[in-house]
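In: model this:
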Amino acid sequence: MTKEKEVLNCIREVLEEQGRTQTWLTKKLGLAFGTVNAWCNNRSQPYLTDLIRTAELLEVAPADLIVDGTKKEKGLSRPQTFLKIT
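Out: Now for the predicted structure:
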């Protein structure tokens, strides 16, 4: 019986879309290649601080690196507008 691998982040996909490599991200973050490779293959997940740093380097929102299976079901897959409350 095989267990289907749960995909929790899409770091690899964003890197590929931008034409960047895991090695590039590894150097920018100052981490071991094995750490970034494990994130990209969903064997482990980054700490929140590392996820935020990764998002900044890739110039995307941290939420864009997280797979949320409930978004499409709730109709939230379109961009959200945030209102500033004063």
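
In: residues contacting the residue nearest to the spatial centre of the chain?
Out: The central residue of the chain, meaning the one whose C-alpha is nearest the mean C-alpha position (CA atoms, centre = their mean), is residue 65 at 2.4 Å. For residue 65, the residues meeting the contact criterion (CB atoms under 8 Å, 6 or more residues apart in numbering) are 9-11, 14, 51, 54-55, 58. Placement of C-beta: from N, CA and C, glycine included.

In: Pick out the one among these with the largest number of neighbours.
Out: residue 11 (25 neighbours; other CB atoms under 10 Å).

In: Residues contacting stretch 46-53, please?
Out: Residues from elsewhere that reach stretch 46-53, judged by CB under 8 Å, 6+ apart: 9, 11, 29, 31, 39, 45, 54, 62, 65-66.

In: Of the contacts of residue 65, just say which sits nearest to residue 20.
Out: residue 58 (7.5 Å; CB to CB).
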